[in-house]
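Student: sequence first, then the predicted structure, then my questions.
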Amino acid sequence: MSPEPLLTDPKPRLQDRFGRVASKLRLSVTDRCNLRCLYCMPAEGLAWQPKTEILSFEEILTLVGIFSQLGIEQIRLTGGEPLLRQDLPQLVAALGQLPLKKIALTSNGILLPELMPALYRAGLRSLNISLDSLLPARFAQLTRRDDYDRVLAGLAHLENYPDLAIKLNVVVLRGFNADEALPFAELAREKAWSVRFIEFMPLGKSDGWLPTEVVPGETLRQEIAAIYPLLPIEAAGANPASRWCFADGAPGEIGLINSVSEPFCQSCNRIRLTADGMLRNCLFSTQELNLKAPLREGASTAELSALILNWVAQKEAGHQINQVGFERPLRSMSQIGG
Ligand code: SAM
Ligand code: SF4
């Protein structure tokens with residue numbers, strides 16, 4: 001069901017008190033996952049939300065319809081593992097009917113061979129795959145699951161779709177995989193992929209995060225550039241990643257998401273909707289706006305829009321990771337939607 005149109009002129013925008021305008025929405029479709037990455041989820045004890053608490057496709061489409069009227073142009077489907085959500089291709093196809101500029105997906109890749117044909121038919125053309133190690137034993141240690149071959153099969157399957165925009169996300173943890181910057185850079189060159197190194201962020205109670213575990217993206221850039229000189233394509237800004245290409249003309253590129261060492265909060269243009277219908281202004285927000293309750297109680301498009309506009313207006317100036325008194329969000333990354 002699409003929401004009633006908002007008939008205001010000029011159109012309201014999702015602007016906060018610092019002048020930032022939200023145009024991107026991270027949409028989590030499930031809190032469930034088939035991996036248990038050390039930095040994202042505890043090994044055990046994180047109960048899944050009951051299905052009744054998770055937004056239905058109809059509810060998602062109503063809310064995304066409203067967000068799109070408020071200026072959201074790009075949606076990234078995430079989770080948990082979004083490919084675990086039943087009938088995901090149907091959701092992608094329905095989102096494709098809304099006036100959005102881009103629909104993208106972030107996945108661990110395990111279920112791609114089964115689901116990619118239908119997702120492609122539904123219109124999905126942009127995909128980020130998370131893979132933190134090219135060493136099977138290390139992958140198993142990081143994800144607490146033995147699925148390295150399935151992820152590789154998922155990546156190999158993607159070669160059937162030459163017009164897909166593929167990025168590989170690598171979270172770097174000191175003492176774990178910080179020695180793999182070069183092999184990942186070589187993979188970027190070989191496959192013409194964008195490989196993006198993400199700094200380890202403190203999310204969740206049991207992720208073991210310590211400032212000393214964070215490897216600054218600049219360190220990795222220098223290490224790669226010493227062997228394969230790099231040229232800047234784009235500085236971090238509205239996109240959190242700074243982008244670099246290979247000076248020798250090899251295909252592929254390197255991205256650095258330096259969320260901890262070089263926060264990009266001032267130019268943040270994204271908001272998040274959790275699978276259970278909570279609107280978050282920031283990954284690190286300690287408060288959320290419950291949109292599911294008013295939606296299920298029959299709130300009108302105008303009422304929901306007013307709630308959303310008011311909430312986004314109050315977006316925090318930025319996360320305080322590097323400051324004394326920093327408070328972690330209570331939810332893990334898998335529950336928020338990374
Ligand atoms: N399951 C999917 C996946 O792994 O791609 C989508 C959800 S996952 C939460 C989204 C992204 O968040 C992944 O690239 C993951 O590596 C990243 N992530 C999770 N916890 C993180 C943390 N503590 N610091 C930095 N990135 C993190
Ligand atoms: Fe699952 Fe993605 Fe979190 Fe790993 S990073 S546990 S794959 S949600």
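Tutor: Yep, it's here. Ligands and ions are numbered 1, 2, ... in the order given.
Student: for the stretch 151-300 of the chain, just list every one of the strands.
Tutor: Listed from the start of the chain, the stretch 151-300 of the chain has strands (DSSP state E, counting those that start in this stretch) covering 165-172, 194-199, 230-234, 242-246, 253-257, 270-273, 278-280, 289-290.
Student: is the fifth one in proximity to ligand 2?
Tutor: No. Contact between strand 253-257 and ligand 2, assessed by CB under 6 Å from any ligand atom, is absent, since the two come no nearer than 14.0 Å. Where you see a C-beta, it was placed from the backbone N, CA and C, and this is true even at glycine.
Student: now render the strands of the stretch 151-300 of the chain as a markdown table, adding distance to residue 332 and mean neighbour count.
Tutor: Converted to a markdown table, the strands of the stretch 151-300 of the chain look like this (distance: least, CB to CB, whole Å; neighbours: other CB atoms under 10 Å):
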| stretch | distance to residue 332 | mean neighbour count |
| --- | --- | --- |
| strand 165-172 | 14 | 20 |
| strand 194-199 | 16 | 24 |
| strand 230-234 | 31 | 14 |
| strand 242-246 | 27 | 20 |
| strand 253-257 | 19 | 24 |
| strand 270-273 | 14 | 24 |
| strand 278-280 | 13 | 22 |
| strand 289-290 | 19 | 16 |
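Student: now those strands in CSV, with mean pLDDT?
Tutor: Putting the strands of the stretch 151-300 of the chain into CSV (pLDDT from 0 to 100) gives the following:
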stretch, mean pLDDT
strand 165-172, 96
strand 194-199, 97
strand 230-234, 96
strand 242-246, 97
strand 253-257, 97
strand 270-273, 96
strand 278-280, 96
strand 289-290, 98
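Student: for residue 83, find the nearest of these.
Tutor: Distances from residue 83 to each of those were compared using CB to CB; the minimum, 15.1 Å, belongs to strand 165-172.
Student: run through the stretch 151-300 of the chain and note the low-pLDDT ranges.
Tutor: For the stretch 151-300 of the chain, residues meeting the criterion pLDDT under 70 lie at 204-208.
Student: which residues does residue 15 bridge with?
Tutor: On the basis of DSSP bridges, residue 15 is bridged to residue 21.
Student: what residues does residue 87 make contact with?
Tutor: Contacts for residue 87 were tallied using CB atoms under 8 Å, 6 or more residues apart in numbering; they are residue 57.
Student: now do the one 5 residues further on
Tutor: Under the criterion of CB under 8 Å, 6+ apart, the contact list for residue 92 reads 77, 103, 105, 119, 122, 123, 124.
Student: you'd agree the fourth one is in a strand?
Tutor: No. Checked against DSSP: H, G, I helix; E, B strand; the rest coil, residue 119 lies outside a strand; its state is helix.
Student: please report how far it lies from residue 275.
Tutor: Using CB to CB, to the nearest Å, one gets 18 Å for the distance from residue 119 to residue 275.
Student: one more: the third one?
Tutor: Relative to residue 275, residue 105 is positioned 14 Å away (CB to CB).
Student: stretch 313-322 near ligand 1 anywhere?
Tutor: No. With CB under 6 Å from any ligand atom as the criterion, ligand 1 is not reached by stretch 313-322; the gap is at least 10.6 Å.
Student: average pLDDT across that stretch?
Tutor: Averaging pLDDT along stretch 313-322 yields 81.
Student: mind listing what's buried in that stretch?
Tutor: 315, 316, 319, 321 (16 or more other CB atoms under 10 Å).
Student: let me have the residues you listed in TSV, extended by distance to residue 129.
Tutor: Below are the buried residues of stretch 313-322 laid out as TSV (distance: CB to CB, whole Å):
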residue	distance to residue 129
315	29
316	30
319	25
321	26
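Student: from these, which is closest to residue 43?
Tutor: Proximity of these to residue 43 was ranked by CB to CB; the top entry is residue 321 with 24.2 Å.
Student: what about residue 50, how many neighbours?
Tutor: Using other CB atoms under 10 Å, residue 50 is surrounded by 8 other residues.
Student: ok, it to residue 56 distance?
Tutor: Remark: distance between residue 50 and residue 56 (CB to CB) = 13 Å.
Student: once you drop chain neighbours, what's closest to whichever residue of the chain sits closest to ligand 1?
Tutor: Distances from the chain to ligand 1, computed as CB to the nearest ligand atom, single out residue 338 as the nearest residue at 2.7 Å. Leaving aside its sequence neighbours, residue 338 sits nearest to residue 78 (CB to CB, 6 or more residues apart in numbering; 5.9 Å).
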